[in-house]
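Peer 1: got a structure for you, letters missing:
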């Protein structure tokens with residue numbers, strides 16, 4: 001296994017994209033859009049790195065109910 005990493009590439013439309021790859025080699029997140037400039041793509045990665053660890057987890061009503069114990073079996 002390798003350490004998790006960000007992978008930057010050009011798509012078929014010639015735009016820059018990124019994906020975050022887990023230690024098992026599987027992608028677990030992506031930027032969701034293409035960027036014309038590499039610097040904009042790298043800025044998106046920096047935003048995730050900088051803001052991600054402190055970002056709260058929000059969800060829909062099902063998520064809220066499961067977190068509060070209202071829908072047993074949905075967590076886990």
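Peer 2: Arrived safely, thanks for sending. This one's a predicted model, so the numbers in the text were calculated from it and none came from an experiment.
Peer 1: okay, CA-based contacts and neighbour counts for the rest of this
Peer 2: Noted.
Peer 1: which element is residue 29 on?
Peer 2: Per DSSP states H and E, residue 29 falls inside strand 27-30.
Peer 1: Tell me the first helix or strand C-terminal of that strand.
Peer 2: Next element after strand 27-30 (DSSP H and E): helix 38-51.
Peer 1: Can you list the buried residues in that following helix?
Peer 2: Buried residues in helix 38-51, counted by 16 or more other CA atoms under 10 Å: 38, 41-42, 44-45.
Peer 1: Determine the number of other residues adjacent to the nearest residue in space to residue 21 that is not next to it in sequence.
Peer 2: With sequence-adjacent residues excluded and distances taken as CA to CA, 6 or more residues apart in numbering, residue 21 is closest to residue 27, at 4.1 Å. Neighbour count for residue 27, taken as other CA atoms under 10 Å: 15.
Peer 1: Could you do residue 6 as well?
Peer 2: When neighbours are counted by other CA under 10 Å, residue 6 registers 14.
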